[in-house]
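# All I have is the shape, not the residue letters:
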């Protein structure tokens with residue numbers, strides 16, 4: 001993870017790989033793309049704060065759950081999964097920024113192009129209307145950043161951490177299970193998602209990203225949140241097993257999804273027969289076994 005994080009950080013500081021060409025004026029002097037002419041100003045939520053919130057909010061919930069769960073293994077599993085999600089998503093999106101990128105809404109304010117409507121036609125492409133960053137006279141670091149709009153790093157971090165947080169809350173409190181939960185559990189499940197949406201949406205107010213940059217970052221973050229959670233726990237949605245950490249010891253045998261696990265792996269909920277073994281039936285999603293399984297000395301399984 002340290003190596004992957006260092007790789008992502010190194011790529012983050014590289015000059016954009018893509019050579020972007022863009023029009024500025026039409027022949028009649030009209031701005032071609034006014035969506036790139038917004039003023040450049042400080043972002044409402046800096047990227048460091050978005051990343052910090054994406055980590056610290058789930059971490060606080062993980063530690064609070066230990067009031068009931070009291071499992072060092074669960075803390076280790078949950079925090080490792082959170083780091084998997086945040087670091088992997090960050091590196092994933094930073095590669096796309098570097099290799100693909102795009103113009104931020106404040107690009108022209110940062111670029112400060114040395115061109116006006118009277119000398120249009122000296123560029124490339126049809127009728128000489130297209131130019132590259134060579135016409136920019138602004139700060140090079142700011143121009144580099146303004147050429148890496150897609151996807152949104154804020155949105156990626158927010159959704160990678162806070163969607164993971166919601167999945168953890170659901171698993172421990174059994175929000176979506178075989179009984180009707182209290183309303184506060186329902187609200188608590190969606191609270192981190194609201195936080196992620198607010199962090200991402202603030203980027204449209206300060207004109208740091210277009211809506212499609214935010215959507216792409218949100219999808220990437222959500223994708224890694226689900227993947228990281230499933231790498232660490234026995235299920236994402238199956239309420240019988242989604243609170244149970246996957247094994248590290250004897251991992252070659254794997255998790256066998258028999259119901260006896262429920263008697264020994266505690267969730268933070270006491271409802272729905274979650275600690276009464278064989279009362280639970282059915283096999284939603286990726287858990288298929290519903291009967292206790294005993295491993296014999298010969299290595300075979302007997303139902």
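Looks like it arrived, so ask away. If you're wondering where the values come from, they're calculated on a predicted model, not measured in any experiment.
# Please count neighbours and contacts with C-alpha atoms only from this point.
Noted.
# got the phi/psi numbers for residue 148?
Here is the backbone geometry of residue 148 (degrees, to the nearest 10): phi -120, psi 60.
# what phi and what psi does the backbone show at the closest residue in space to it that isn't next to it in sequence?
Closest residue in space to residue 148, ignoring its immediate chain neighbours: residue 101 at 4.1 Å, by Cα to Cα, 6 or more residues apart in numbering. Residue 101 adopts backbone torsions of phi 60, psi -150, taken as degrees, to the nearest 10.
# My read is that residue 101 contacts residue 152, right?
No. Using Cα atoms under 8 Å, residue 101 is not in contact with residue 152, being 9.8 Å away.
# hang on, residue 19 packs against residue 132?
Yes. Residue 19 is in contact with residue 132 according to Cα under 8 Å; the separation is 7.2 Å.
# buried ones in stretch 194-208?
Neighbour counts over stretch 194-208 (16 or more other Cα atoms under 10 Å) mark 195-197, 199-203, 206-208 as buried.
# now the strands: where do they sit in the stretch 1-150 of the chain?
For the stretch 1-150 of the chain, the strands defined by DSSP state E, counting those that start in this stretch cover 22-23, 130-131.
# what lines up beside the first one in the sheet?
Listed by DSSP bridges, the sheet partners of strand 22-23 and their directions read strand 130-131 (antiparallel).
# what does the average pLDDT come to for the partner strand?
Per-residue pLDDT over strand 130-131 has a mean of 87.
# And it, how far out from the chain middle?
Centroid separation for strand 130-131 versus its chain: 35 Å, with Cα atoms, centre = their mean, to the nearest Å.
# which residues touch that strand?
Contacts of strand 130-131 with the rest of the structure, by Cα atoms under 8 Å, 6 or more residues apart in numbering, involve 21-24, 123-124.
# Quote the end-to-end distance of stretch 13-24.
End-to-end span of stretch 13-24 (Cα to Cα, to the nearest Å): 27 Å.
# got it, and stretch 59-79?
7 Å.
# Buried residues in that stretch, which are they?
59, 62-63, 65, 69, 74-75, 77-79.
# With stretch 167-176 instead?
Result for stretch 167-176 [16+ other Cα under 10 Å]: buried residues 167-176.
# want to throw those into TSV with distance to residue 183, secondary structure and pLDDT?
Putting those into TSV (distance: Cα to Cα, whole Å; DSSP: H, G, I helix; E, B strand; the rest coil; pLDDT from 0 to 100) gives the following:
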residue	distance to residue 183	secondary structure	pLDDT
167	17	helix	97
168	17	helix	96
169	14	helix	95
170	13	helix	94
171	16	helix	92
172	15	helix	92
173	12	helix	91
174	12	coil	90
175	9	coil	91
176	12	coil	90
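# Between which two of those is the distance greatest?
For these, the farthest-apart pair by Cα to Cα is 168 and 176; their separation is 11.8 Å.
# Return the per-residue confidence for residue 4.
On pLDDT, residue 4 comes in at 92.
# contacting residues around it?
By Cα under 8 Å, 6+ apart, residue 4 lies in contact with 87-88, 91.
# how far away is it from residue 173?
Taken as Cα to Cα, the span from residue 4 to residue 173 is 33 Å.
# cool, residue 190 as well?
Here the criterion is Cα to Cα. By it, residue 190 lies 13 Å from residue 173.
# Which pLDDT value belongs to the residue sitting furthest away from the middle of the chain?
Of all residues in the chain, residue 118 has its C-alpha farthest from the mean position, at 45.7 Å, by Cα atoms, centre = their mean. Note for residue 118: predicted pLDDT of 72.
# do residue 266 as well
Predicted confidence (pLDDT) for residue 266: 60.
# same question, residue 210
On the pLDDT scale, residue 210 gets 93.
# which residues sit in contact with it?
Taking Cα under 8 Å, 6+ apart, one finds 104-105, 149, 203-204 in contact with residue 210.
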